[in-house]
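**Q** Next comes the sequence, and after it the predicted model I'd like to discuss.
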Amino acid sequence: MAETQMEMRLPTQELRDDIPFYTKVLGMRMDSIYPADDPTVAVFSGHGLRLRIEKGATEAPGTLRVLVEDPDSFAEGRRALTAPNGTRIEIEPLHAPVVMPRTVHSFVVRRLADQAPWIIGRAGMHYRDLIPDRLGGSIIASHIRIPDGGPVPDMVHYHTVGFQLIFCYRGWVDLVYEDQGEPFRLHAGNCVIQPPEIRHRVLYASDNIEVIEIGVPAEHVTTIDHEMALPNGPANPDRVFQGQRFVHHKADTATWAPFRVPGFQSRDTTIAEHTRNVAGVHVVRRADAPTDWTAHDGDILFTFVMDGTLVLEGEGRDPHALAPGDAFVIPPGMRTRYAQASDDLELLEVSLPGVFETRVG
């Protein structure tokens, strides 16, 4: 294939003023300039970009974002500049840290019967938002489905997150993860955590696959990795990704134990242990014991109703009759009770942090 290049054109009124700015301040290389007697066009390249600065061009000057490892070492530490031709220059970190917004606590009940809209998102998957206010941007909880099974048009990618959970609610999906060996099938009732920036890819899904995905914070960047092929090897399942280990929790090997709420039991996914208590995930079912009012001191407590029914009672609130597909968030300090739980009730509880105090009564 013949060589192809692409460049961006920017306007200028006086090219001689722009040359020292783009070469000395921004550290770009001037590749060409013409005509020799009275230059009106100069082409610069650098930092993965090719620019054509042209006198009399009619485009707007635009904005260039320069992403560098150490912003303080670039352009004398300035974070915003304006070139002589009017182009705005923004200098930002190449690897921006995850910013965890302060949680805006609220009591949230989201019912499937309310027909929250399904939005077509990445790779053709359908998304339903389970926490509309996202607690001030601290968390996003999505109910995701793929109606028609088969190969998923996904690419190797990663997420810049603080915590991310994929819980298979219905059906199954084939996944592959960096350093975790060959692709595997995530069955209904099982879950994985995707540690920060672990490369992964969705390969194949059953018909009517449904998953619950939790992301912290709500807004986070997804980056395509065009270089890595998965599976990679050799496998390194004990690798730590920014303090977290990959977890593939399987329901058929889990142990049930008394839950923090009286009248219920749970299986711990061990996610709190493997995230250094960043988050915890429990699957909860009814036990043969009376329930009681409780309040917690955690930051975020999200619950999704997978099967069965219950009535969620909240102090000072009207009771909510909940069914499969419903979700709720209980803020810290609020007294609630899980009443009239059906025998087949099954809940998915996600908390940040993973371990916190629960007051009974």
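**A** Happy to help now that I have it.

**Q** strand partners of the worst-scoring helix or strand of the chain on mean pLDDT, parallel vs antiparallel please.
**A** Least confident helix or strand of the chain, by mean pLDDT, DSSP states H and E, is strand 119-120 with a mean of 83. For strand 119-120, the pairing partners within the sheet under DSSP bridges are strand 126-129 (antiparallel).

**Q** So for the following helix or strand past the strand it pairs with, mean pLDDT?
**A** For strand 126-129, the succeeding helix or strand toward the C-terminus, using DSSP states H and E, is strand 140-146. Mean pLDDT, strand 140-146: 93.

**Q** Now do strand 140-146: which elements does it pack against?
**A** Judged by 3 or more CB pairs under 8 Å, 6 or more residues apart in numbering; DSSP states H and E, strand 140-146 is in contact with strand 126-129, strand 209-216, strand 300-307. For glycine as for every other residue, the C-beta is placed from the backbone atoms N, C-alpha and C.

**Q** Now the shortest one - C-alpha only, CSV.
**A** Right, the one you point to is strand 126-129. Provided in CSV are the C-alpha atoms of strand 126-129 (Å, rounded to 0.1, in the frame of the first residue of the first chain):
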residue,chain,number,x,y,z
HIS,A,126,-27.9,-2.0,25.4
TYR,A,127,-27.5,-0.1,28.6
ARG,A,128,-30.1,0.8,31.3
ASP,A,129,-29.0,3.2,34.0
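
**Q** I'd like to know which elements the longest helix anywhere in the chain is packed against.
**A** Longest helix in the chain, counting residues (DSSP state H): helix 15-20. Helix 15-20 makes packing contacts with strand 29-34, strand 41-46, strand 49-55 when contacts are defined by 3+ CB pairs under 8 Å, 6+ apart.

**Q** Any chance of those in JSON lines with distance to Gln265 as columns?
**A** Converted to JSON lines, the helices and strands packed on helix 15-20 look like this (distance: least, CB to CB, whole Å):
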{"stretch": "strand 29-34", "distance to Gln265": "66"}
{"stretch": "strand 41-46", "distance to Gln265": "61"}
{"stretch": "strand 49-55", "distance to Gln265": "58"}
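
**Q** Give the closest residue to the spatially most central residue of the chain in space, chain neighbours not counted.
**A** Residue closest to the average C-alpha location in the chain (CA atoms, centre = their mean): Gly215, at 4.3 Å. The spatial neighbour of Gly215 that comes closest, neighbours along the chain excluded (CB to CB, 6 or more residues apart in numbering), is Ile140 at 4.7 Å.

**Q** same check, this time on Leu112
**A** Nearest one to Leu112, counting by CB to CB, 6+ apart, is Gly325 at 3.1 Å.

**Q** Assign a three-state SS to that neighbour, would you?
**A** Three-state assignment for Gly325 (DSSP: H, G, I helix; E, B strand; the rest coil): coil.

**Q** pLDDT at His248, what is it?
**A** Model confidence at His248 (pLDDT) stands at 98.

**Q** Look at it and give its secondary structure.
**A** Here His248 takes the strand state, with states given by three-state DSSP.

**Q** Pull the number of nearby residues for the closest residue in space to Asp133 that isn't next to it in sequence.
**A** Closest residue to Asp133 apart from its sequence neighbours, by CB to CB, 6+ apart: Ser106 at 6.1 Å. Using other CB atoms under 10 Å, Ser106 has 14 other residues around it.

**Q** isn't Ser106 right up against Val329?
**A** Yes. Ser106 is within contact range of Val329, at 7.0 Å (criterion: CB atoms under 8 Å).

**Q** Common neighbours of these two, please.
**A** The contact sets of Ser106 and Val329 overlap at Leu135 (CB atoms under 8 Å, 6 or more residues apart in numbering).

**Q** hang on, the earlier thing: quick one: contacts of the least confident helix or strand of the chain?
**A** With CB under 8 Å, 6+ apart, strand 119-120 has contacts from His126, Tyr127, Arg128, Asp129.

**Q** please redo it, this time with the cut-off set to 6 Å
**A** Tyr127 (CB atoms under 6 Å, 6 or more residues apart in numbering).
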